[in-house]
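>>> Structure here, sequence nowhere to be found:
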């Protein structure tokens with residue numbers, strides 16, 4: 001299996017470094033779609049090895065190539081306001097292909113849509129809770145089943161829907177990692193309430209919206225983009241071309257008995273690097289040298305840690321766990337260099353959340369999405385670093401946190417000239433919050449820290465080994481930082497009840 005683990009690490013790090021090196025060389029310049037070609041080129045090199053499904057790898061590779069070529073044919077650049085949505089145009093079309101090719105799945109989807117209409121009490125309760133901030137900071141488009149998330153609500157409806165389990169899982173996956181449209185539950189309700197609509201009418205409109213994203217997903221996504229003032233390219237033309245280009249790949253995966261839940265997710269989560277993670281917003285954010293250095297140092301910690309562990313991996317899940325755990329440790333470690341830690345930041349961002357709800361009752365459904373990712377990441381890192389500090393006690397030497405039995409190499413943080421010299425980026429004698437301030441910028445956009453290109457690449461490799469099991473959403477407690485440190489909401493999670 002060592003060949004497999006080595007391949008996974010190589011492909012994941014190639015994707016990460018394509019992003020980081022492009023952003024570093026292009027930051028501060030005007031973004032062009034062609035700037036993302038290095039990422040597409042490393043994806044083209046992904047391959048299946050013994051035991052892996054070629055059709056799953058094709059879902060990833062063909063989607064990235066189609067995404068790049070379509071965008072490049074429709075526009076030369078993308079406005080920052082439009083770039084987060086580029087990974088929301090794939091699943092709507094794929095959902096329509098599956099319905100067209102499989103009458104039984106079409107019937108199950110119709111049953112589910114009918115069940116949404118009968119779930120007035122459930123939907124009403126959840127959107128009221130989301131509107132009032134009942135659950136605290138929430139990933140409304142969560143890839144797990146966090147309370148208040150869209151996938152949590154969808155799962156509750158699916159549990160009372162009499163359709164095959166595999167179809168339930170596919171529908172759930174489509175609104176988890178699949179990102180079927182940009183809609184997050186509760187957004188219509190909040191806007192209707194603030195515009196003067198009654199609560200019962202607002203709930204009715206919310207239900208109509210949730211049904212719409214399953215009845216006509218492509219048109220629903222296009223209408224959502226119209227409402228947000230999207231101007232960068234013709235989204236209807238994109239989705240039409242994407243369906244045509246991906247139809248053969250989708251049918252091949254169906255013939256290969258890949259779980260529909262995986263067919264609905266793999267093509268979407270891998271395209272975000274083209275014009276989102278590599279995009280004008282990232283080029284702007286990373287003009288700050290310290291922000292760029294944090295991304296670089298974290299990447300180097302992950303690479304060094306994974307390569308040191310190559311001979312010790314026992315399963316494909318070890319690779320994923322160590323990749324994400326090492327960056328969690330690296331970011332928490334950088335935070336602690338300025339005297340902060342995860343509990344302090346989670347407290348700060350959770351208190352700010354409640355003020356923010358009052359200031360912005362119609363805030364976007366995704367407003368706290370990445371704050372939650374960031375808090376979860378540093379909380380995970382804090383747990384590992386805290387254990388390492390207790391273990392080391394008064395002994396000297398470098399801190400060596402562990403993920404399972406694997407050591408995390410934090411030396412790349414110390415070797416980074418920028419991170420270790422914050423006095424060069426502020427009033428030199430008072431340089432005590434420089435790294436923290438850059439980390440707060442990344443709290444809104446931690447995609448290259450968590451890291452999304454790495455998890456996407458590794459998940460495709462894992463799914464290619466287990467194509468028959470729906471991998472999304474994660475059916476485990478994700479140790480939400482806010483729930484663990486501040487808010488009491490574990491009892492509203494759905495990870496054990498997932499269909």
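That came through fine. Quick caveat: nothing in here was measured; it's all calculated off a predicted structure.

>>> pretty sure residue 48 belongs to a helix, no?
No. Residue 48 is assigned coil when assessed by DSSP: H, G, I helix; E, B strand; the rest coil, not a helix.

>>> That one contacts residue 463, correct?
No. With contacts counted by Cβ atoms under 8 Å, residue 48 stays clear of residue 463, the gap being 11.3 Å. Quick note: C-beta positions are derived from backbone N, CA and C, even for glycine.

>>> More neighbours: the two, which one.
residue 463 (28 against 16; other Cβ atoms under 10 Å).

>>> so where's the stretch 351-499 of the chain shaky on pLDDT?
Across the stretch 351-499 of the chain, nothing is flagged by pLDDT under 70.

>>> As a check, name the ranges of all strands in it.
Using DSSP state E, counting those that start in this stretch, the strands of the stretch 351-499 of the chain run over residues 402-403, 406-407.

>>> Residue 139 touches residue 367, doesn't it?
No. Judged on Cβ under 8 Å, residue 139 makes no contact with residue 367 at a distance of 10.5 Å.

>>> that's a helix at residue 9, yeah?
Yes. Residue 9 forms part of a helix when assessed by three-state DSSP.

>>> what's stretch 488-499 in contact with?
135-136, 144-148, 151-152, 155-156, 158-159, 165, 168-169, 172, 473-478, 480, 482-483 (Cβ atoms under 8 Å, 6 or more residues apart in numbering).

>>> Please identify which of the strands of the stretch 351-499 of the chain is closest to residue 74.
strand 402-403 (41.9 Å; Cβ to Cβ).

>>> who are the neighbours in contact with residue 448?
Counted by Cβ under 8 Å, 6+ apart, residue 448 has contacts 16, 19, 20, 23, 277, 282, 295, 298, 299.

>>> Buried subset of these as a PyMOL selection?
Of the contacts of residue 448, the buried ones can be selected in PyMOL as follows, counting by 16 or more other Cβ atoms under 10 Å:
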select buried, resi 16+19+20+23+277+282+295+298+299
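
>>> Spit out the residues that contact residue 48 and residue 463 alike.
residue 56.

>>> can you redo the strands of the stretch 351-499 of the chain as a markdown table with mean neighbour count and distance to residue 448?
Below are the strands of the stretch 351-499 of the chain laid out as a markdown table (neighbours: other Cβ atoms under 10 Å; distance: least, Cβ to Cβ, whole Å):
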| stretch | mean neighbour count | distance to residue 448 |
| --- | --- | --- |
| strand 402-403 | 18 | 19 |
| strand 406-407 | 18 | 22 |
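
>>> I'd like the ones you listed laid out as JSON lines, including distance to residue 215.
Shown next, in JSON lines, are the strands of the stretch 351-499 of the chain (distance: least, Cβ to Cβ, whole Å):
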{"stretch": "strand 402-403", "distance to residue 215": "44"}
{"stretch": "strand 406-407", "distance to residue 215": "47"}
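
>>> coming back round to it: comparing residue 139 and residue 367, which residue is more hemmed in?
residue 139 (24 against 17).

>>> Residue 349 is nearest to which of the strands of the stretch 351-499 of the chain?
strand 402-403 (24.4 Å).

>>> so what does the closest one touch, helix or strand wise?
In terms of contacts (3 or more Cβ pairs under 8 Å, 6 or more residues apart in numbering; DSSP states H and E), strand 402-403 is packed against helix 316-337, helix 369-392.

>>> who's in contact with that strand?
321, 322, 325, 326, 329, 384, 387, 388, 408.

>>> ok, back up a step: with distance to residue 76 added, can I get the helices and strands packed on strand 402-403 in TSV?
Shown next, in TSV, are the helices and strands packed on strand 402-403 (distance: least, Cβ to Cβ, whole Å):
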stretch	distance to residue 76
helix 316-337	33
helix 369-392	27
